[in-house]
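A.B. asks: how would this look folded up:
(chains A and B)
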Amino acid sequence: MAVSKTSATPEHLIWEGGTQPMKIGYGKLMMWIFLLSDTFTFSALLISYGLVRFSFPSFKDINPEMTHKTFELSHDWWPVPEKVFEAVPFLHGISLPLVFVGIMTFILIFSSVTMVLAVEAGHRRDKADVEKWMLWTILGGFTFLGSQAWEWSHFIHGSEEGLTLANGAKVFGANLVTNEYGPAAFADFFFFITGFHGTHVFSGVVLNILIFYNASNGVYERRGHYEMIEKVGLYWHFVDLVWVFVFTFFYLV
Amino acid sequence: MGNHSTTHEGEKLKPQTKELWKVFWILLVLTAIEFVIAFGLDTDRFKWTKIIIFIIMTIVKAYFIVGTFMHLKGEVKSLIWTIILPSLFVVWLLVALIVEGGYIGSV
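C.D. replies: Model (predicted):
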């Protein structure tokens, strides 16, 4: 490889034909630009959620004399998320609003920490540490995906009581056409937003397994640097970041 | 950027993880506080207060994730602005469409 021997810049930071813009490796910069474009995609999804939500009346708009405590689910107004997501695995029938989503948030934040610890270990070129923290990150990713699968399954199957419509018909669970929680758009946005995020988590886990495999085989040790861990790390943190926003705008408000 | 280029063969460096764990605890505590506010404050009276608090706390969490975990704090200024500036326009779109949403079907 033709690299200037006089420069102190590490080989992977030098772009073909010139100095590196923004003092960053090519791959890392492109990952940042990709994440920026991904930000726009997720923003578009969350903002359209906001637009549609505000185009529907809220429970209080229709029933001004009622309070938050007496909230009921109906097709006529947008649901309050904490009244929809209140189930936790193995605790059937107990109302625990947002607890399971909180656990999922914790899992993702934790796997973000283990990822950044793997990046830090890569800086020290400590192969064993990189492997250890990557394994924890992969475990966290799978746990989150499993939790989301449960959440989806519970959302799709719905409650035993279901929702009784004005004409006496009953609706159970959710699909893209109708659901027992509120307007059809509510379930549609749930599927698209959490689904798009879950797809990102899945791709992240695949990438994590890939770099774990490479790190274990000493690929980055021979290459002389662990920048690949940093690049995938950026992606993984972004997935965590998106979840922070989904948690706030979909579940909390 | 890392300092891996200065590492020599066989030499073990001490992990520098204090800052990372600190951020982890900050994120955890902020999320816990969000739960306390979500169920501690009366939604009927403080709906928009709660929404504003949640948005501010989300931005604070985003700052820590992007700044420390993604290490954007340590990058050069031009890269920071390349990421932050376009993202700021998203806020504009958000406000514009939320306001518009209130008029759908009523005009």
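A.B. asks: hey, where'd the strands end up in the stretch 1-150 of chain A?
C.D. replies: Secondary structure of the stretch 1-150 of chain A by DSSP state E, counting those that start in this stretch: no strands are present.
A.B. asks: Where does the prediction get shaky in it?
C.D. replies: Residues of the stretch 1-150 of chain A that meet the criterion pLDDT under 70 lie in A:1-8, A:16-18.
A.B. asks: For it, just list every one of the helices.
C.D. replies: A:26-55, A:59-62, A:81-84, A:99-123, A:127-157 (DSSP state H, counting those that start in this stretch).
A.B. asks: now swap in chain B and tell me
C.D. replies: Here chain B has its helices, by DSSP state H, at B:18-40, B:43-64, B:77-101.
A.B. asks: Quick one: closest of those to chain A.
C.D. replies: Set against chain A and scored by CB to the nearest CB, those come closest in helix B:77-101, at 3.3 Å. Yep, even glycine has a C-beta here, placed from its N, CA and C like the rest.
A.B. asks: List of residues touching that closest one?
C.D. replies: Contacts with helix B:77-101, where a contact means CB atoms under 8 Å, 6 or more residues apart in numbering or on different chains, come from A:21-24, A:29, A:32-33, A:35-36, A:39-40, A:43, A:46-48, A:50-55, B:66, B:72.
A.B. asks: Please list all residues in contact with the residue nearest in space to the middle of chain B.
C.D. replies: Computing the C-alpha centroid of chain B and ranking residues by CA atoms, centre = their mean puts residue B:62 first, at 0.8 Å. Residue B:62 sits next to A:241, A:244, A:245 when contact means CB under 8 Å, 6+ apart.
A.B. asks: Thought residue B:64 was touching the first one, still the case?
C.D. replies: No. Distance between residue A:241 and residue B:64: 9.9 Å, which falls outside the contact criterion (CB atoms under 8 Å).
A.B. asks: what about the two, which has more around it?
C.D. replies: Neighbour totals were compared for residue A:241 and residue B:64, and residue A:241 leads with 23 against 19 (other CB atoms under 10 Å in any protein chain shown).
A.B. asks: Quick check: which element contains the more buried one?
C.D. replies: Element membership of residue A:241, judged by DSSP states H and E, is helix A:227-246.
A.B. asks: Distance from that helix to the middle of the chain?
C.D. replies: Relative to its parent chain, helix A:227-246 has a centroid offset of 9 Å by CA atoms, centre = their mean, to the nearest Å.
A.B. asks: same thing with stretch A:57-68?
C.D. replies: 32 Å.
A.B. asks: What I need now is the helices of the stretch 1-150 of chain A written out in TSV, including mean neighbour count and distance to residue A:229 for each item.
C.D. replies: Output for these, formatted as TSV (neighbours: other CB atoms under 10 Å in any protein chain shown; distance: least, CB to CB, whole Å):
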stretch	mean neighbour count	distance to residue A:229
helix A:26-55	17	11
helix A:59-62	15	47
helix A:81-84	19	36
helix A:99-123	23	4
helix A:127-157	18	6
